[in-house]
Structure formats: C-alpha cells, structure tokens
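okay, predicted coordinates and the sequence, questions at the end:
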Amino acid sequence: MALHTNEGLDVLIHVGLDTYKLGGRHFKVCASVGDEVKKGDVLIEFDRDAITAEGYDITAPILICNSVEFSSIKGKVGNTVGELEQLITARER
C-alpha cells in the first residue's frame, strides 16, 4: 500500500515479509488509488493467522520513500503501535 500524506511524505507499507508470494490470498484492500483517506479509515484487512499458518512473518515494514526531502524523520520506538497511535513524525527542510 502506498500513500502520499498532506505533509508530503511518500509512505510504502508492506504487510508481512515475502507475502507477495500469497498472490493476494488472505488480504482485502479497502482503499483504491486516488482515494483520499483520513485517520481511522481502513486501508487493508488481512488474516494474520492464515498468513502465519502459511509460514510468513507478519512484520510490516513501513518505508518513507522520499526521506531526503525532510530534515528529520522519527518513528515510534517499540515492537507494536496501537490503533490510531502516531507512528511517524517528520520535519520539513
């Protein structure tokens, strides 16, 4: 899932490691290209148990693809992020 935020961040979220090999099984995308989304909107749903049962790691890497455009980007420290909790803080150049 790729997002462009109002703050100018280009964000790529990948649910799981190597889960592209599932060919979309166990995933339901709830937002489409061009949709405007806001905090609390569901972007994607997935079956964590089914994915892990097939042997995939459910770690979700989140990449900032245009990080060089910002003077500082800080992510929340820890293993989990709560629902609607702020994950990233960025400062413009």
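Good, I have the coordinates.

stretch 19-37: which residues count as buried?
Across stretch 19-37, burial judged by 16 or more other C-beta atoms under 10 Å covers 19, 26-27. In this view, the C-beta of every residue, glycine as well, is placed from N, C-alpha and C.

what's the offset of it from the middle of its chain?
Centroid displacement of stretch 19-37 relative to its chain, using C-alpha atoms, centre = their mean, to the nearest Å, is 11 Å.

still on that earlier bit, of the buried residues of stretch 19-37, closest to residue 33?
residue 27 (16.1 Å; C-beta to C-beta).

now the lowest-mean-pLDDT helix or strand in the chain, how far from the centre of its chain.
None of the helices or strands of the chain scores lower by mean pLDDT, DSSP states H and E than strand 88-92, at a mean of 88. Strand 88-92 sits 16 Å away from the centroid of its parent chain (C-alpha atoms, centre = their mean).

before we move on, what about stretch 4-19?
Distance of stretch 4-19 from its chain centroid, counting by C-alpha atoms, centre = their mean, is 4 Å.

what are the contacting residues of it?
Surrounding stretch 4-19, the residues in contact under the criterion C-beta atoms under 8 Å, 6 or more residues apart in numbering are 1-3, 27, 43-44, 46, 51, 56-66, 69-70, 73, 88, 90, 92.

buried residues in it?
If you call a residue buried by 16+ other C-beta under 10 Å, then stretch 4-19 has these buried ones: 9, 11, 15-16, 19.
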